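J.: Quick one: sequence and predicted model below, then my questions.
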Amino acid sequence: MQPTEPARGSLVRIEATKWGSRPHWVYEGRWLGRDHHGDWVGFPAGSRFTRPGRDYTAPYDQVALVPAPGPEAARRFLAAFHAPAGPVEVYVDVTTPPTWELDGAVPVVRAVDLDLDVVRGSTGRVWVDDEDEFAEHRVTLGYPDHLVAAALASCARVEAAVRAGDPPYDGSHGAWLSVLAALGPVPPA
């Protein structure tokens with residue numbers, strides 16, 4: 001389910017697990033808006049990203065794209081776009097199709113992270129990361145053949161789009177970084 005359009009700046013939580021419901025990254029952001037690509041969530045500098053054994057505080061702003069409803073094959077990712085201050089411009093996690101759920105009144109995006117990442121660095125270089133982790137988890141976590149095929153197809157599709165600079169990988173995420181900046185600091189809890 002895609003949520004009804006929440007108020008701009010509302011809290012959104014993203015929960016990524018590994019295959020078999022193993023915990024992975026959890027992080028909270030602010031809902032920025034929706035366009036034909038999907039829902040945009042902002043993470044101002046200072047946002048915390050946590051997973052078992054790791055806690056990361058973002059040193060600069062970033063926005064994430066949760067893909068719009070549509071064919072499942074085209075929705076197998078979560079994309080992050082970083083402010084120009086960082087070493088990475090685009091970081092796309094290959095996932096199962098993200099789903100929206102409610103935890104009380106808080107919209108939550110859930111997806112299974114399938115290891116493969118498509119990255120565009122600040123120099124423009126594009127690469128696929130964590131292919132070794134994917135190969136290992138195919139065996140140790142028992143990825144079914146259909147999941148492996150879907151993940152590899154999604155990775156290839158996203159990599160081609162990032163390399164070509166196809167929307168939303170064309171720099172248009174800058175408008176969403178501006179929306180995030182206009183919201184101002186996160187009010188204290």
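T.: Nice, I can see it.
J.: Am I right that residue 152 sits in a strand?
T.: No. Under DSSP: H, G, I helix; E, B strand; the rest coil, residue 152 sits outside any strand and is assigned helix.
J.: Now the residue nearest to it when sequence neighbours are not counted, what are its backbone angles?
T.: Excluding its sequence neighbours, the residue lying closest to residue 152 (C-beta to C-beta, 6 or more residues apart in numbering) is residue 116, at 7.8 Å. Using the backbone N, CA and C atoms, a C-beta is placed for each residue, glycine as well. Comment: the main-chain dihedrals of residue 116 come out as phi -60, psi 140, following degrees, to the nearest 10.
J.: my read: residue 116 touches residue 128, true?
T.: Yes. In this structure, residue 116 sits in contact with residue 128. The criterion is C-beta atoms under 8 Å, and the distance is 6.2 Å.
J.: show me where this structure has strands.
T.: Applying DSSP state E to the chain gives strands spanning 11-18, 22-35, 38-43, 48-51, 54-57, 62-67, 77-82, 88-95, 99-103, 106-121, 126-129.
J.: Name every strand pairing with the fourth one and say which way it goes.
T.: To tie it back to what came earlier, the one meant is strand 48-51. strand 22-35 (antiparallel), strand 54-57 (antiparallel) (DSSP bridges).
J.: still on that earlier bit, counting neighbours, go ahead and name the busier of residue 116 and residue 128.
T.: Between residue 116 and residue 128, counting by other C-beta atoms under 10 Å, residue 116 is the more crowded of the two (24 against 17).
J.: where's residue 106 relative to residue 31, distance?
T.: To residue 31, residue 106 is 10 Å away according to C-beta to C-beta, to the nearest Å.
J.: Between the two, which has more neighbouring residues?
T.: residue 31 (21 against 13).
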